[in-house]
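Trainee: Okay, predicted coordinates and the sequence, questions at the end:
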Amino acid sequence: MKFNILIIDDEKNIREGLSAALEMEGYNTVLAENGKQGLELFAKGDIDLVITDLRMPEVTGEQVMQKILSENPGVPVIVLTGHGSIDSAVDAMRLGAYDFLTKPLNLDRLTLIVKRALQGRELSLQHRHLQEELNGKKVFESIIGKSNQMQKVFDMIRRVADTKASVLITGESGVGKELIANAIHNLSSRKDKPMIRVHCAALTETLLESELFGHEKGSFSGAVARKRGRFELANGGTIFLDEIGEINQNVQIKLLRVLQDKKFERVGGEETIEVDVRVVAATNKNLLEEIKKGNFREDLYYRLNVVHIEVPPLRERKEDIPLLVADFIKTCAKENGKNIDGIDNKTRSILYNYDWPGNIRQLKNCIESAVVMCQGNIITVDDLPPGIATGSESDSIKIPLGITMEEAEKIIITENLAANNGNKSKTADILQIGRKTLHRKLEEYNL
């Protein structure tokens, strides 16, 4: 990578001489003639190293260094000083400067110090990127899915997470909208701040308004003391408004103001409170239809729907069912003290073909019930809850609309293999392909 170096010095010859020498070494340089200008250029970002003179009018090099190191401790700062100010340079080292040089400058020594400092900077950046990647993988471990639909959802989460944009998550009940909200928060720079959750459908109008914005003592019957609302508690972090489609018009107006101005008053109060809160909302309703019916404000909808993430129902991403089943069996078996190795092929086919109107939540409950009822170490059809086996046509294959040929082929191979109890020869004969072709496709599709 090509590093960017900020040079701050009130002497033009020194600035330009250092710039020429460092650019010959392959670096990009940005020049500032005083401390104030230097801080302004640094604030624009993308600076990897700073070289600053200590003695400058108005904003000194020491003030520049303190400001930079307090806000960006990973950026190395090299200070320049005259022979008569070596004590100041030593003080700067104590405050965190990477190194110092006295004037007149030895350019060979300077380039050596710069090279060494940037090597450390590069290692630090690589470590940070690796840590971010590992953290990202850890965040997504709770959301299981290899399907193309879920990969698109993961991509949107990564892209929107570290922004200030409001996010509207939609999808049927049970698809895991709260897990998506958690991932957005945990991948953002707000991850160390509160993540406050509010289930809007569970509260009456008065209680919801009080829950969101707080109330003053005596503002309504039962308000025996001042209460801070969820927006206050979430200051600096994220608030997740689940079932946002259930809130009434009065609360919608107040919520709109918070999104626009970041301000509100407690119920019964006059003090205006300012907050910095990122809003993530979720609903299983069609809010555009609710707007047409007059139940939801259009202006609030567009404030919430800056980024829209639609979570697909389980019936549209059936290739994720085996992964989910395996994870749920492992978790539920551990919780219930059972030793379950897996499920038989007929049961697997039934689970795959069932439409799961309750989505992931229903699948998890089904597996938990099957684990509890299982008397051996393999789950069979007899262990499934009533209605699951009878509600599935295990002798047919359902191919969802809108999927690719590759995805359809995966479904066909998986189902036929399960129906033939894992017999690859028989499966290859039924599909009218060679065994080598079947083995190649199983490996290619990681089946």
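Mentor: All right, it came through fine.
Trainee: which other residues reach stretch 369-383?
Mentor: Residues outside stretch 369-383 that contact it (C-beta atoms under 8 Å, 6 or more residues apart in numbering): 329, 332-333, 336, 338-344, 346-347, 350, 367, 384-385, 389. Where C-beta positions appear, they are placed from N, C-alpha and C, glycine not excepted.
Trainee: Now the buried members of those residues.
Mentor: Taking 16 or more other C-beta atoms under 10 Å as the criterion, what is buried in the contacts of stretch 369-383 is Ile329, Cys332, Ala333, Ile340, Ile343, Thr347, Ile350, Ile367, Leu384, Ala389.
Trainee: Strands - which of those residues land there?
Mentor: With strands defined by DSSP state E, the entries of the buried ones among the contacts of stretch 369-383 inside them are Ile343.
Trainee: got the buried ones among the contacts of stretch 369-383 as a markdown table, with distance to Ile196 and pLDDT columns?
Mentor: Compiled in a markdown table, these are given as follows (distance: C-beta to C-beta, whole Å; pLDDT from 0 to 100):
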| residue | distance to Ile196 | pLDDT |
| --- | --- | --- |
| Ile329 | 33 | 92 |
| Cys332 | 29 | 93 |
| Ala333 | 33 | 92 |
| Ile340 | 37 | 89 |
| Ile343 | 39 | 87 |
| Thr347 | 41 | 88 |
| Ile350 | 40 | 87 |
| Ile367 | 31 | 94 |
| Leu384 | 38 | 92 |
| Ala389 | 42 | 72 |
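Trainee: farthest-separated two in the buried ones among the contacts of stretch 369-383?
Mentor: Greatest spacing in those, by C-beta to C-beta: Ala333 and Ala389 (20.7 Å).
Trainee: on that earlier part again, so which of the buried ones among the contacts of stretch 369-383 belong to helices?
Mentor: The members of those that map onto helices under DSSP state H are Ile329, Cys332, Ala333, Thr347, Ile350, Ile367.
Trainee: from what I can see the second one touches Glu368, true?
Mentor: Right, Cys332. Yes - counting by C-beta atoms under 8 Å, Glu368 is a contact partner of Cys332 at 4.6 Å.
Trainee: ok so, going back, how about a markdown table for the ones in helices among the buried ones among the contacts of stretch 369-383, with distance to Ser189 added?
Mentor: Output for those, formatted as a markdown table (distance: C-beta to C-beta, whole Å):
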| residue | distance to Ser189 |
| --- | --- |
| Ile329 | 36 |
| Cys332 | 35 |
| Ala333 | 38 |
| Thr347 | 45 |
| Ile350 | 45 |
| Ile367 | 36 |
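Trainee: quick one: average confidence on stretch 172-191?
Mentor: Looking at stretch 172-191 alone, the average pLDDT works out to 92.
Trainee: Residues contacting it, please?
Mentor: 135-136, 139-140, 142-143, 153, 157-158, 160-163, 167, 169-171, 195, 197, 236-238, 240, 242, 278, 280, 282, 284, 309, 311-314, 358-362.
Trainee: go on, stretch 98-117?
Mentor: The contact list for stretch 98-117, computed with C-beta under 8 Å, 6+ apart, reads 5, 14, 18, 21-22, 25, 27, 49, 51, 76-83, 86, 89-90, 92-93.
Trainee: what's the following helix or strand after the helix or strand bottoming out on mean pLDDT in the chain?
Mentor: Within the chain, no helix or strand scores below helix 107-140, which has a mean of 70 by mean pLDDT, DSSP states H and E. Following helix 107-140 in sequence order, the next helix or strand is helix 148-161 (DSSP states H and E).
Trainee: Can you list the helices and strands that that next one packs against?
Mentor: Helices and strands touching helix 148-161, by 3 or more C-beta pairs under 8 Å, 6 or more residues apart in numbering; DSSP states H and E, are helix 107-140, helix 177-186, strand 307-310.
Trainee: CA atoms only for the last one, dumped as CSV, please.
Mentor: Same thing as strand 307-310. Output in CSV follows, covering the C-alpha atoms of strand 307-310 (Å, rounded to 0.1, in the frame of the first residue of the first chain):
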residue,chain,number,x,y,z
VAL,A,307,-32.1,1.2,4.1
HIS,A,308,-34.5,-1.7,3.7
ILE,A,309,-33.5,-5.3,4.5
GLU,A,310,-36.0,-7.9,3.6
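Trainee: If we go by neighbour counts, what in that strand is buried?
Mentor: Using 16+ other C-beta under 10 Å as the test for burial, strand 307-310 gives Val307, Ile309.
Trainee: State the mean pLDDT of that strand.
Mentor: 96.
Trainee: Each with direction, which strands does that strand pair with?
Mentor: If you go by DSSP bridges, strand 307-310 pairs up with strand 167-170 (parallel).
Trainee: now what about the strand it pairs with, what contacts it?
Mentor: Against strand 167-170 from outside (C-beta under 8 Å, 6+ apart): 160, 177, 180-181, 184, 244, 279-284, 287, 304-311.
Trainee: mind saving the C-alpha coords of it as CSV?
Mentor: The C-alpha trace of strand 167-170 is given here as CSV (Å, rounded to 0.1, in the frame of the first residue of the first chain):
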residue,chain,number,x,y,z
VAL,A,167,-32.7,0.6,8.9
LEU,A,168,-36.1,-1.0,8.3
ILE,A,169,-36.1,-4.8,8.6
THR,A,170,-39.1,-6.6,7.1
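Trainee: How far does it sit from its chain's centre?
Mentor: Mean C-alpha position of strand 167-170 versus that of the full chain (C-alpha atoms, centre = their mean, to the nearest Å) differs by 13 Å.
Trainee: Model confidence score at the spatially closest residue to Lys364 that is not a sequence neighbour, please.
Mentor: Distances taken as C-beta to C-beta, 6 or more residues apart in numbering put Phe328 closest to Lys364, at 5.2 Å, once the chain neighbours are dropped. According to the prediction, Phe328 has pLDDT 91.
Trainee: just checking, Phe328 touches Leu363?
Mentor: Yes - using C-beta under 8 Å, Phe328 is in contact with Leu363, at 7.0 Å.
Trainee: in stretch 358-372, what counts as buried?
Mentor: Buried residues in stretch 358-372 (16+ other C-beta under 10 Å): Gly358, Asn359, Ile360, Gln362, Leu363, Lys364, Cys366, Ile367, Glu368, Ser369, Ala370, Val371.
Trainee: any idea of the angle the helix or strand harbouring the last one forms with helix 177-186?
Mentor: Yep, that's Val371 we're talking about. Taking DSSP H and E as the definition, one finds Val371 inside helix 359-373. Orientation of helix 359-373 against helix 177-186 (axes from the mean of the first three to the mean of the last three C-alpha atoms, to 10 degrees) gives an angle of 110 degrees.
Trainee: neighbouring strands for the helix or strand just after helix 359-373, and are they parallel or not?
Mentor: Downstream of helix 359-373, the first helix or strand assigned by DSSP H and E is strand 378-379. Counting by DSSP bridges, the strands paired with strand 378-379 are strand 342-343 (parallel).
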